[in-house]
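Trainee: Coordinates for the following, if possible.
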Amino acid sequence: MSDPYETTEAHLGRLLGRALTSFDLPDRLVERLGTALAHSSSLYTTHHSPATGAWRETHQHTYLLADGGSVSLWELVYRQEGDRTVRHELFASKAETCLAVARLFGESPSEAALDPALLPGDEEADADVAALTARFAASVSTRPRREYAVEESADHARRVLRRAENADRPGEPVAARLRSAYAHQITQSFGGRPCASGGREAGFSLYEHAFVLLDGEELSLWEVEHTATPDGRHMCEVYESEAAARGAMELRARVR
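Mentor: Numbering: from 1, shown residues only. Here you go, the predicted structure:
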């Protein structure tokens, strides 16, 4: 079984390292996989022969990439008759995997076809990136209708923290966790109403930046944008909780 806490980079390295055919994968595919942000693995088919001791399994490994796309690797894990060694081979497509099964086990292409019906009830084994994203999001979000965008979320978190000017902004522990963010959503929670501050009107807006992390957790940053500054300039402050952010807004609005 795969380690649920294994990073995508470690998972990919382990997969490529044990495969006999990793050097046959297209260079362009390997380059794209280097940008993978998240992954999901599923058993696709299984075939065991108690009489001969031979068996084989195929696994689909789907990766979400930094450009918003996805790619899949097909892994064939097998032991042939009379051989006690378990071997791994990797392919860029399901068709190539079928041909390898036919070659290794002496079957016709139709017999070697990867039929997901061999696994009754495993309806998500051939899920595409949309289903993968939905599964991650559903596992962490308790809020209805929240939709996350799979984008350069770790970089977005870095920019939010970098523009924060408040001394009590989130520190390195939060920044470190956000380096594993692979999807996010921005929601405006307050804005559009000027408030009196220092004898003049100042604008306030509050945004929630919600992130999904690779460990399945959700973490939010609360950003206050306001003009309650001595010279009326625009200022950004970032907090770890909505309560802290709203408290800062109330404090800034009362300053005279």
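Trainee: Please make it C-alpha for all contacts and neighbour counts, starting now.
Mentor: Noted.
Trainee: What's the local residue count around Ala10?
Mentor: Ala10 is flanked by 10 other residues according to other CA atoms under 10 Å.
Trainee: Tell me which helix or strand it sits in.
Mentor: Taking DSSP states H and E as the criterion, Ala10 maps to helix 8-18.
Trainee: Next: Ala100.
Mentor: Using DSSP H and E, Ala100 maps to helix 94-105.
Trainee: quick one: buried residues of that helix?
Mentor: For helix 94-105, burial by neighbour count (16 or more other CA atoms under 10 Å) applies to 94, 97-102.
Trainee: do the same with stretch 58-68
Mentor: Neighbour counts over stretch 58-68 (16+ other CA under 10 Å) mark 58-66 as buried.
Trainee: who touches that stretch?
Mentor: Residues outside stretch 58-68 that contact it (CA atoms under 8 Å, 6 or more residues apart in numbering): 32-33, 35-46, 70-77, 125-126, 128-129, 150-152.
Trainee: Any of the residues you listed buried? List them.
Mentor: By neighbour count, with 16+ other CA under 10 Å, those hold 32-33, 36-46, 70-77, 125-126, 129, 150-152 as buried.
Trainee: Do a quick rundown of the helices in the stretch 51-200 of the chain.
Mentor: Assigned by DSSP state H, counting those that start in this stretch, the helices in the stretch 51-200 of the chain fall at 94-105, 129-140, 153-162, 172-178.
Trainee: any idea of the mean pLDDT in the first one?
Mentor: Put plainly, it is helix 94-105. For helix 94-105, the mean per-residue pLDDT is 83.
Trainee: gap between Ser220 and Glu6?
Mentor: According to CA to CA, to the nearest Å, Ser220 stands 23 Å off from Glu6.
Trainee: Compare neighbour counts for those two and give me the winner.
Mentor: Neighbours were counted for Ser220 and for Glu6 using other CA under 10 Å; Ser220 has more, 21 against 12.
Trainee: Tell me who's in contact with the residue lying closest to Leu104 once chain neighbours are set aside.
Mentor: Once flanking residues are discounted, Leu104 sits nearest to Gln80: 8.0 Å by CA to CA, 6 or more residues apart in numbering. Gln80 makes contacts with 53-55, 104-105, as judged by CA under 8 Å, 6+ apart.
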